[in-house]
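1. Show me how the following folds:
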Amino acid sequence: MNVLDTFEDDETYKCFLSTEYDAEKYANSIIASSTVSQTLQALQIGVEKLNFALEEHVSEHYEDLINQATGMDILEESLAIVKTRIDQLQRSMTTIKKRLSEPYNQMTMRTQQLGRLQKTCDVLRRVTRIQYLTKRLKQQLDGGIKEITKTSQTFNELQYLYGDGDLEGIEVIDKDLDWVKKARANMEVQAEQLLSQGLSSFNQNQTSTALQVFNSIGTLQTIVSKTLQSKCGSVQQDLKSALAGSYEQSYNGTAPGGANIGNTAAWRANLWTSLDKWSNNISSQYNQIHVLHRTLVRRRDASSQKTLLEECNVTPIQTFVSAVSNALQQELRNINSSAKQALNMEYPKALRLVVSLWNHFSAKLDVEGLEDVTLPNINIREVLTPFQCTYLARSLNRLLDPVNIAFPGKTVPSTSEIESIVRIMVSELTAARGDEELKKLSTNNILKAIRDILNKCESLVHHGSGINDITSAPTQYHIKNIQVINVLCTLHCKLEEVPADLNAGRTEVWNMISDDVNSLLDPFRSQIEHILNTIHDTDFGFDKQDITDCSTYINLIEETINHLVSNYLSQLSNKTTVLPKLQDFQDSLISLYLHHLCAVRPLGEGGKMMIATDIAEMERVLGGLLDEHAVSEQFKVLRAFRAVLFLSVEDLCTVRNVPKPMLLNHLFSRAGDALLSPYKVAGWTPSQYVAWLYSHPYEIVDMIQGTIQWYEDMIRESGAPAFDPIYPHIIKLLQS
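-> All right, here's what the predicted structure looks like:
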């Protein structure tokens, strides 16, 4: 361990090794502790230890110290040599610097001279060119508007040559500078006039010339923006004048929305005249913007080959349309009460005005060069939504008020009242013409009015037990129900004249007519069905004899039909409308009658003759239901069945104008007693069977097949030698 390590471990000497040792502070601390003598003694001992350590270290490294001392002498000699050489190098650099300075200074001076010479030449060339262009400009200005494009190019070059004013002070061109500035200002005025004329007359050639002038002199974007600002800036103010100014002009100081509105009709006429003028003015201005936009798209800058639209970075059409939209939104939102009332009452006119304006905007885009231009995504109808809601509410009231007046209580309205209601419907649709969306909304209002009429008619119809009493003259319930049918028929016919898609309304009206007519005819249908059931109480199994009169049931049916026609149907004012229902009623009776005839058994030759007579009379009787002599399909079947009665069994199987189920049932009438009819196998009466046939037309063949299966099983079980002669013909007809 060396002496320093010993000092580091000793508290007395440790402080002397610290980098923060302060002698004065240390002395003060020793004096304060009253250990001065002890400390001095310790320090003396430490000094002696340190001296001894140094002597010992020198003695141990004596040779190394001698060698280091010798090396220092050598180093001093080397440094002296280097210093000498550095001095020599500095003297050489001084000499070289002196030799290079003179050529460098000369080169710098020559370069400056050359630069000044080049600048002077450039100035001379520019001055010469300016003088030439000034002279040419005077000639071009003499050419007037025809030379304005070339003049603008000359001004553009002059502007480039004059630069940033570095030619100021040259007398030869300064004298013309003021003249050039004035000439440029005059040319800009001419170009603005040319642009205004070109836009006003929709002349693309003039507009193109003016735009090329402004592009040449670098003011294209400024003039286009100025033009747009001029066109767009007047849109809102003009609309405000149209909505309020006309009122002020007509009523001499009466404020819009005031109590004294004077001649309302005259004011509204003036309002719509003003709005029409505003719309025409907007269309004209849009046409000018359209010409401007199209010209900017079609013309290109000569140097950059970009379109002028790209050069000026504007969208004239979109900007103008947005301005019109914003003006409508703001002014209609803040509209005065009188104008608001006028727009509420005549909303369709306002809608046509705005929609036609927008359609005009869109139609003008369908030209070459504007394929990529799209109008701003604006739903212009939303601006008019408050007026639309108010108008539709009032329109519905105009439709429902006459309905409520026509149905004061339990009284059935007259035909003229229904016609008046339909005329109001037509009037509402006429007001909405030209706009499919408004027409659809008005149609919905009309459907509501139609349903209100149907509800009121339904409340007038009687459905009680008294409606089934048809033994005598029509009761008061029948009369009122027929009156309701007449009202509904009038409504149905008149609705066909309404120029709108009212299929839903007409269908609802027809459904109610059908229900009411069915309610009127159902008691008669039940009575005739009861009469037809008596057919099976008549014996048709007798042999051939002379037939002079028809069956009794025919007379009873004739009395019922005549009673229906003379006392009930005669009160229908529009029988043509219910003709399809009468046709259905007639067809249903014929179908029921045919089912009864097919089920008649036994059937002899005389019975066939009587049935043929009955069929002829039935045609006459049922024909009285309809004023027209149209022959329905069921009538044709009835006539065809009359011929079937006298056909052989073989020929009967080839008949195609009578339904197969009827032919099958008729074949059972010609069979022997062993081949029972389907209703007997089922344990029914003929009347029950006919009722089932009428209500289950698609199951008849299945039932007959079941009857044949029963007959086959019965024959096999009984051991009968053969089937009935009719059996194979029934099988053949079933398989056909």
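2. Only C-alpha atoms from now on, for both contacts and neighbour counts.
-> Noted.
3. State the distance from the residue nearest the centre of the chain to residue 695.
-> For the chain, the residue nearest the mean C-alpha position is residue 379 (9.4 Å; Cα atoms, centre = their mean). Distance of residue 379 to residue 695, given as Cα to Cα, to the nearest Å: 57 Å.
4. Ok, residue 732 next?
-> 26 Å.
5. for residue 227, same thing?
-> Counting by Cα to Cα, the gap from residue 227 to residue 695 is 82 Å.
6. Ok, residue 446 next?
-> Distance of residue 446 to residue 695, computed by Cα to Cα: 39 Å.
7. Looking at the two now, which is surrounded by more residues?
-> Counted by other Cα atoms under 10 Å, residue 446 and residue 695 do not tie: residue 446 has more neighbours, with 25 against 11.
8. tell me which element the more buried one falls in.
-> For residue 446, the host element (DSSP states H and E) is helix 436-460.
9. Now do the buried residues in that helix.
-> Residues of helix 436-460 classed as buried by neighbour count (16 or more other Cα atoms under 10 Å): 438-439, 442-450, 452-454, 456-457, 460.
10. tell me the SS of residue 365?
-> At residue 365 the chain is in coil, as set by DSSP: H, G, I helix; E, B strand; the rest coil.
11. downstream neighbour of the one helix or strand in the chain whose mean pLDDT sits lowest in the secondary structure list?
-> Every helix and strand in the chain was compared by mean pLDDT, DSSP states H and E; the lowest is helix 246-251, with a mean of 41. Next along the chain after helix 246-251, taking DSSP H and E as the criterion, comes helix 264-298.
12. Show the average pLDDT along the helix or strand following that following helix.
-> As assigned by DSSP H and E, the chain's next helix or strand after helix 264-298 is helix 308-312. Average pLDDT, helix 308-312: 76.
13. Would you mark the buried spots in helix 308-312?
-> Neighbour counts over helix 308-312 (16+ other Cα under 10 Å) mark 308-309, 311-312 as buried.
14. In TSV, list those along with distance to residue 237.
-> Supplementary listing: the buried residues of helix 308-312 in TSV, determined by distance: Cα to Cα, whole Å:
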residue	distance to residue 237
308	30
309	28
311	31
312	27
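15. element containing residue 671?
-> Residue 671 belongs to no helix or strand, assigned by DSSP H and E.
16. how near is it to residue 726?
-> Residue 671 is 6 Å from residue 726, by Cα to Cα.
17. Next: residue 210.
-> As judged by Cα to Cα, residue 210 and residue 726 stand 105 Å apart.
18. So if I had to pick from those two, which one is more boxed in?
-> residue 210 (26 against 17).
19. my guess is that one contacts residue 188, does it?
-> No. Between residue 210 and residue 188 there is no contact under Cα atoms under 8 Å: 9.2 Å.
20. Please identify every residue contacting each of the two.
-> Counting by Cα atoms under 8 Å, 6 or more residues apart in numbering, no residue touches both residue 210 and residue 188.
21. Which residues does stretch 480-495 contact?
-> Under Cα under 8 Å, 6+ apart, the answer for stretch 480-495 is 412-415, 418-419, 422, 457, 460-462, 502, 506, 509-510, 512-513, 516-517, 520, 568, 571-574, 577-578.
22. And stretch 550-560, by the same measure?
-> Under the contact criterion Cα under 8 Å, 6+ apart, stretch 550-560 has outside partners 524, 527-528, 531-532, 534-535, 610, 613-614, 617-618, 621.
23. Also stretch 520-533?
-> With Cα under 8 Å, 6+ apart as the criterion, stretch 520-533 contacts 467-470, 478, 481, 553, 556-557, 560, 564, 585, 589, 592-593, 596, 686-687.
24. Not counting sequence-adjacent ones, nearest residue to residue 335?
-> Among residues not flanking residue 335 along the chain, residue 243 sits closest, at 7.3 Å (Cα to Cα, 6 or more residues apart in numbering).
25. Hmm, I typed the wrong one, I wanted residue 402.
-> residue 421 (6.3 Å).
26. secondary structure element for the one you found?
-> With DSSP H and E as the test, residue 421 turns up in helix 415-431.
27. Quick one: low-confidence residue ranges for the stretch 51-200 of the chain.
-> 122-124, 126-181, 183-184, 186 (pLDDT under 70).
28. Check the stretch 301-450 of the chain too.
-> For the stretch 301-450 of the chain, the stretches with pLDDT under 70 are 302-303, 368-369, 371-372.
29. Name the residues of the helix holding residue 421 that are buried.
-> Buried, per 16+ other Cα under 10 Å, within helix 415-431: 415, 417-419, 421-426, 428-431.
30. Tabulate the CA atom coordinates of that helix in PDB.
-> Only the C-alpha atoms of helix 415-431 are listed here, as PDB (Å, rounded to 0.1, in the frame of the first residue of the first chain):
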ATOM      1  CA  THR A 415    -125.900  12.800 -57.800                       C
ATOM      2  CA  SER A 416    -125.100  16.400 -58.400                       C
ATOM      3  CA  GLU A 417    -123.300  16.600 -55.000                       C
ATOM      4  CA  ILE A 418    -121.100  13.600 -55.900                       C
ATOM      5  CA  GLU A 419    -120.300  15.200 -59.200                       C
ATOM      6  CA  SER A 420    -119.400  18.400 -57.500                       C
ATOM      7  CA  ILE A 421    -117.000  16.500 -55.200                       C
ATOM      8  CA  VAL A 422    -115.400  14.800 -58.200                       C
ATOM      9  CA  ARG A 423    -115.000  18.200 -59.900                       C
ATOM     10  CA  ILE A 424    -113.100  19.400 -56.900                       C
ATOM     11  CA  MET A 425    -110.900  16.400 -57.100                       C
ATOM     12  CA  VAL A 426    -110.200  17.100 -60.800                       C
ATOM     13  CA  SER A 427    -109.500  20.700 -59.800                       C
ATOM     14  CA  GLU A 428    -106.900  19.700 -57.200                       C
ATOM     15  CA  LEU A 429    -105.200  17.400 -59.700                       C
ATOM     16  CA  THR A 430    -105.200  20.100 -62.400                       C
ATOM     17  CA  ALA A 431    -103.400  22.400 -60.000                       C
END
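31. Which residues does the host helix or strand of residue 580 contact?
-> Using DSSP H and E, residue 580 sits within helix 579-599. For helix 579-599, the external contacting residues (Cα under 8 Å, 6+ apart) are 514, 517-518, 521, 525, 528-529, 532-533, 535-536, 611, 622, 625-626, 632, 634-635, 638, 662-663, 665-666, 669, 686-687, 690, 693-694.
32. Which SSE is immediately downstream of it?
-> Using DSSP H and E, the helix or strand that follows helix 579-599 towards the C-terminus is helix 605-623.
33. what is the rounded mean pLDDT of that next one?
-> Taken as a whole, helix 605-623 has an average pLDDT of 89.
34. Contacts for the helix holding residue 446, please.
-> Here helix 436-460 makes contact (Cα under 8 Å, 6+ apart) with 348, 392, 395-396, 399-400, 403, 407, 410-412, 425, 428-429, 432-433, 480-481, 484, 500-502, 504-505, 508-509, 512.
35. what do you get for stretch 288-296?
-> Contacts for stretch 288-296 (Cα under 8 Å, 6+ apart): 199-200, 202-204, 207-208, 211, 228, 307-309, 315-317, 320, 364, 369-370.
36. Got a PyMOL select line for the buried ones in those residues?
-> Only the buried entries of the contacts of stretch 288-296 go into this PyMOL selection, using 16+ other Cα under 10 Å:
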select buried, resi 199+200+202+203+204+207+208+211+228+307+308+309+315+316+317+320
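37. In helices, which of the contacts of stretch 288-296 appear?
-> Among those, the ones falling in helices (DSSP state H) are 199-200, 204, 207-208, 211, 228, 308-309, 316-317, 320.
38. Nearest to residue 385 among those residues?
-> Nearest to residue 385, judged by Cα to Cα, of the ones in helices among the contacts of stretch 288-296 is residue 320 at 22.8 Å.
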